[in-house]
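Undergrad: need a structure here:
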Amino acid sequence: MVGSEMRRKKPRILCLHGFRISGEILKKMIGKWPDFVLQMFDFDFPDAPFPATGKSDVEGHYDPPYYEWFQVDEVECSNFEECVAYLEDYMIEHGPFDGLLGFSQGGMLSAVIPSLQREGVAFTKVPKIKFVIIISGFQIRELKSGPPKLLVNAYSTPTECPSLHLIGEKDFLKERGFKLLKSFVKPFVIHHSTGHTVPKLDEEGLSTMLKFIQKIQEMFPQDQQIAIGPKAAL
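TA: Okay, the predicted model is just below:
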């Protein structure tokens, strides 16, 4: 009975996919993690609001359709405010959510949402995000037109929202991923040997993941705590 209660009260995670992929593709990508890790949470995989405006890097590996959260180049960022409004509406309709998981562009978004809540400029109609998992995430690049208005103070003060960051040695965005770490207080970090992708968890990575989950567990009342370890799936 106790085990079933734990399973019914899994923390809910909103999962934000990367640029020009989809929620379904991200679901398949994290499927390489151990089942007993995935079974600790209740995941939701929405698609971004904008259809892909160009070729996807995953064509030939994953089937379309593909989506993007916003558009950015060296000069400006477009549709960021619309993206934020779309996400907040989704969270109101389908939430509440306890945490966020984001890959690539979705990782960039997941990283700033706790800051936007702290600053009181967005996501004020939904409960405070308790934790984030950021895979191949990054700080938004410096733009000639300046950052989107909502992000002016997003990186000014490190957030105390617990965070886990997965950074690949061969990731072309890894330096921006390391820079993002400075936006969090005492971040957990999993280093892996691959590139801009969701990695499998080796022994060391799994150990870090479980330590992070233990920290998450401390936020929930005793009757909502997450059972940790392979036996938790039994």
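Undergrad: Point out where the chain drops to low pLDDT.
TA: Scanning the chain for pLDDT under 70 picks out 1-8, 75, 142, 144-147, 221-234.
Undergrad: Leaving out chain neighbours, which residue sits closest to K27?
TA: F45 (4.8 Å; Cβ to Cβ, 6 or more residues apart in numbering). In this view, the C-beta of every residue, glycine as well, is placed from N, C-alpha and C.
Undergrad: what number of residues lie near that neighbour?
TA: Residues within reach of F45, counting by other Cβ atoms under 10 Å, total 18.
Undergrad: mind starting the numbering at 62 from now?
TA: With 62 as the first residue, the last one maps to F106.
Undergrad: Contact partners for it?
TA: By Cβ atoms under 8 Å, 6 or more residues apart in numbering, the contact list for F106 reads C76, H78, G84, E85, L87, K88.
Undergrad: repeat that for 10 Å
TA: Contact analysis of F106 by Cβ atoms under 10 Å, 6 or more residues apart in numbering lists 74-78, 83-89, 91, 162.
Undergrad: Nearest to Y216 among these?
TA: Taking Cβ to Cβ as the measure, Y216 sits nearest to L77 out of these, at 18.1 Å.
Undergrad: So which of the contacts of F106 sit within helices?
TA: G84, E85, I86, L87, K88, K89, I91 (DSSP state H).
Undergrad: Surely the fifth one and H78 touch.
TA: What that stands for is K88. Yes: contact criterion Cβ atoms under 10 Å: K88 and H78 qualify, at 8.6 Å.
Undergrad: neighbour-wise, which of those two wins?
TA: H78 (29 against 15).
Undergrad: ok, that one to V173 distance?
TA: Separation of H78 from V173 (Cβ to Cβ, to the nearest Å) stands at 16 Å.
Undergrad: Repeat that for S165.
TA: With Cβ to Cβ as the criterion, S165 and V173 are 14 Å apart.
Undergrad: same check, this time on K261
TA: Taking Cβ to Cβ, one finds K261 at 27 Å from V173.
Undergrad: Those two: who's more crowded?
TA: V173 (27 against 12).
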